[in-house]
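Enquirer: need a structure here:
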Amino acid sequence: MDALISQLQRQFRDYTISLYQQDFLDDQFTELKKLQDDGSPDFVAEVLSLFFEDCVKLISNMARALDQTTGAVDFNTVGASVHQLKGSSSSVGAKRVKALCVSFKDFCEAQNFQGCVRCLQQVDIEYKTLKTKLQDLFNLEKQIIQAGGIVPQVDIN
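Expert: This is a model prediction of the structure:
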């Protein structure tokens, strides 16, 4: 059992580091993890669940506002949703999503329809990719705990 726990802990450590190295996460995610304790063991998962729910709503709002079949594109509505998504992605440490939002905002301000559509597609892909990767990370955490181990702290710096 100890060998299994060691292997899972090593996987967890390596996977976590890779998420930072590949710019999926930044230091804000580390800060978020520090807020989790024994009294709220699912804190990070709950916060991220709310973030991903927010992503779905905001992306849907942006897609509707960019829909040309309803008439003129509402770049102000798109920009407001992008701004909100940038803030929430920044607060959870979703580095790639946040970076895309910066470009997206520029396209909104320039009223560049094609640029906005490309960014919307990229944001949709990035948030879904991040969600899958974090689900994998949380599954590793659960496996470590179920095996009787302790989830290791991972130093990124």
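Enquirer: can you list the buried residues in the helix of greatest length in the chain?
Expert: Ranked by residue count and defined by DSSP state H, the top helix of the chain is helix 113-146. For helix 113-146, the neighbour count (16 or more other CB atoms under 10 Å) marks 116-117, 119-120, 122-124, 126-127, 130-131, 133-134, 137, 140-141, 143-144 as buried. Any C-beta I mention is one placed from the backbone N, CA and C, and that applies to glycine too.
Enquirer: identify the residues contacting the residue most central in space within the chain.
Expert: Central residue of the chain (CA atoms, centre = their mean): residue 94, 4.0 Å from the mean position. Residue 94 makes contact with 24, 25, 29, 51, 126, 127, 130 under the criterion CB atoms under 8 Å, 6 or more residues apart in numbering.
Enquirer: how near is it to residue 114?
Expert: Distance, residue 94 to residue 114, using CB to CB, to the nearest Å: 25 Å.
Enquirer: count of neighbours near the closest residue to residue 144 other than its chain neighbours?
Expert: Nearest residue to residue 144, sequence neighbours excluded (CB to CB, 6 or more residues apart in numbering): residue 8, at 4.7 Å. A count of neighbours around residue 8, defined by other CB atoms under 10 Å, yields 21.
Enquirer: which residues touch residue 8?
Expert: 140, 143, 144, 147, 149 are the contacts of residue 8 under CB under 8 Å, 6+ apart.
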